[in-house]
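>>> Need coordinates for the following:
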Amino acid sequence: MKYREIEADILRKYLAYIVSLDPILNQIGSVRTLHAGGFRYQINEKEAVTPLNKISFTIEISHDAISEYDLGAFTQSIYEFTEHRVTEMHRMMYRTLDTVTSLTGNVVNTKGQPPNADMILDIIEKTEMRFDANGELIKQSFIAGPDMIKQLASIKFTPEQEERHNRIIERKKKEFYVKKCYRRLSYVN
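Reported below is the predicted structural model:
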């Protein structure tokens, strides 16, 4: 194996390790593929295309660091390379999410207003939900920045909003089981 292939293999493995530590990217499968186009998404009569994203980076290591076996400088360069690459992967993922959610209509525009309980209920209404065999909601993940999470955690539902929330969940449960072609031949309450 040539030195360049060994170096590329080391960088791939280190990047894979760093990605595995990332709370979002470690949940997303990754496939290396060669093709010329982007990805096409279609729902009903609407269509969206995300371009094929290319990522390329250069690692710069000074000659002195190499000749003096400065492992600190070498590892710092590799660390900066992987951090930059992970940041770019996040950007690509969010651009794709933005395109797909705009296509499906799963977007809630707050029009610059701070989050409130009705906005949360609007988001829940647009979210596809899954339920386990006991009819319990399988919790969903929402992505938000730390400031937004603090704001969302402080929001409390009024009794009317809690009632709306329960109606949404019940409707989502019925929709889920209809999509699964779920039926019970006998049911004992």
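
>>> Could you use CA atoms for every contact and neighbour count after this?
Fine.

>>> What are the structural domain limits within this structure?
Segmentation of the chain into domains, based on automatic domain parsing, reads 3-104, 117-179.

>>> Looks like Leu137 contacts Arg130 (just checking).
Yes: between Leu137 and Arg130 a contact is recorded at 6.2 Å, counting by CA atoms under 8 Å.

>>> Tell me how far the residue nearest to Lys126 when sequence neighbours are not counted lies from Phe39.
Leaving aside its chain neighbours, Lys126 sits nearest to Asn106 (5.6 Å; criterion: CA to CA, 6 or more residues apart in numbering). Note on Asn106: its distance to Phe39, by CA to CA, to the nearest Å, is 19 Å.

>>> go on, Asn109?
For Asn109, the distance to Phe39 (CA to CA) stands at 25 Å.

>>> Next: Arg12.
24 Å.

>>> Just give me the neighbour total for Leu15.
Using other CA atoms under 10 Å, Leu15 is surrounded by 19 other residues.

>>> re earlier: residues in contact with the residue nearest to Lys126?
Going by CA atoms under 8 Å, 6 or more residues apart in numbering, Asn106 touches 123, 126-127.

>>> which of the residues you listed lies closest to Pro115?
Closest approach to Pro115 among those (CA to CA): Ile123, at 10.9 Å.

>>> So Ile168, which state does it fall into?
Three-state assignment for Ile168 (DSSP: H, G, I helix; E, B strand; the rest coil): helix.

>>> ah, wrong one, I meant Tyr41
Tyr41 falls in the strand class when you classify it by three-state DSSP.

>>> That one contacts Pro51, correct?
No: using CA under 8 Å, Tyr41 makes no contact with Pro51, being 11.3 Å away.

>>> Strands of this structure, residue ranges please.
With strands called from DSSP state E, the chain shows them at 39-43, 46-50, 130-131, 137-138.

>>> Report all helices and strands that the last one contacts.
Strand 137-138 is packed against strand 130-131, with contacts defined by 3 or more CA pairs under 8 Å, 6 or more residues apart in numbering; DSSP states H and E.

>>> now what about the strand it packs on, what contacts it?
Against strand 130-131 from outside (CA under 8 Å, 6+ apart): 137-138, 173, 176.

>>> out of these, which are buried?
173, 176 (16 or more other CA atoms under 10 Å).
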